[in-house]
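Colleague: Okay, structure incoming, though there's no sequence with it:
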C-alpha cells in the first residue's frame, strides 16, 4: 500500500475534515481515505458518461415527440 502526504492544506479545510472525522469516530487519515474512495466511485459512475452511453445506444432509433404526444393526449 502506498503512502501519501498532502501539504499546504488550508486551515478551514483541515478543520472541516477533522470535525467530520471526529463526528464519524474515525481518524483524520481514515476520513480522508474514505472521501477519496467515494470520489473514485463517483468518477466511475459519472452521470455525464452514463448519458453519453445512453445517447450512443439510442442513436439511430426513431423516438417520438413527447411534447406533441402529451398535447394530443390532453386534447382527447
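Modeller: Everything's here; your move. Only a predicted model underlies this, so the values are computations on that prediction, with no experimental measurement involved.
Colleague: list the helices and strands the helix or strand of the chain with the lowest mean pLDDT packs on?
Modeller: Within the chain, no helix or strand scores below helix 47-58, which has a mean of 85 by mean pLDDT, DSSP states H and E. If you count contacts as 3 or more C-beta pairs under 8 Å, 6 or more residues apart in numbering; DSSP states H and E, helix 47-58 packs onto no helix or strand. C-beta coordinates here come from the backbone N, C-alpha and C atoms, glycine included.
Colleague: Which is the succeeding secondary structure element to that helix?
Modeller: helix 66-75 (DSSP states H and E).
Colleague: sorry, back to before: centre of the chain versus the least confident helix or strand of the chain, how much separation?
Modeller: Computed by C-alpha atoms, centre = their mean, to the nearest Å, the chain-centroid distance of helix 47-58 equals 15 Å.
Colleague: Quick one: list the elements packing against the helix or strand harbouring residue 38.
Modeller: Per DSSP H and E, residue 38 falls inside helix 28-44. Applying 3+ C-beta pairs under 8 Å, 6+ apart, one finds that helix 28-44 contacts helix 11-23.
Colleague: what about residue 66, distance to residue 72?
Modeller: 11 Å (C-beta to C-beta, to the nearest Å).
Colleague: So, low pLDDT: which residues of the chain?
Modeller: Of all residues in the chain, none has pLDDT under 70.
Colleague: Pick out the residue nearest the middle of it.
Modeller: residue 42 (3.9 Å; C-alpha atoms, centre = their mean).
Colleague: ok so, going back, now the least confident helix or strand of the chain: buried residues?
Modeller: Residues of helix 47-58 include none that count as buried (16 or more other C-beta atoms under 10 Å).
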